[in-house]
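Undergrad: Okay, structure incoming, though there's no sequence with it:
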């Protein structure tokens, strides 16, 4: 895979790589993985919300959970 970055982002990435002794590929990979994790979390949350709205899944109030596990305030 090859990606083109705006010059300013490329320069920032190069500076970071030089300063830390890591490769640009390392930082690009890390950024993509973090972004994918965030996106997957959003999609899972949206799916859960839809199931709740459809009545296929239910929620438990925080107070009830705290009581259940002996953490009531």
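TA: That came in fine, so what should we check first? None of the values given here were measured: they were computed from a predicted structure.
Undergrad: Nearest residue to the middle of this structure?
TA: Central residue of the chain (CA atoms, centre = their mean): residue 38, 2.0 Å from the mean position.
Undergrad: ok, how many other residues are close to residue 32?
TA: Using other CB atoms under 10 Å as the criterion, residue 32 is surrounded by 12 other residues. Any C-beta I mention is one placed from the backbone N, CA and C, and that applies to glycine too.
Undergrad: separation between it and residue 25?
TA: With distances taken as CB to CB, to the nearest Å, residue 32 is found 10 Å from residue 25.
Undergrad: next one: residue 19
TA: 16 Å.
Undergrad: that older thread, how about the secondary structure of the residue nearest to the centre of the chain?
TA: helix (DSSP: H, G, I helix; E, B strand; the rest coil).
Undergrad: contacting residues for the closest residue to residue 5 other than its chain neighbours?
TA: Excluding the flanking residues, the one nearest residue 5 by CB to CB, 6 or more residues apart in numbering is residue 13, at 7.1 Å. The contact partners of residue 13, taken as CB atoms under 8 Å, 6 or more residues apart in numbering, are 5, 24, 27, 28.
Undergrad: contacts for the lowest-mean-pLDDT helix or strand in the chain?
TA: Among the helical and strand segments of the chain, the one scoring lowest on mean pLDDT, DSSP states H and E is helix 62-68, with a mean of 93. Applying CB under 8 Å, 6+ apart, the contact partners of helix 62-68 are 72, 73.
Undergrad: can you give me the helices in the chain?
TA: Here the chain has its helices, by DSSP state H, at 7-20, 24-53, 62-68.
Undergrad: out of those helices, nearest to residue 1?
TA: helix 24-53 (9.6 Å; CB to CB).
Undergrad: Sweet, I'm off.
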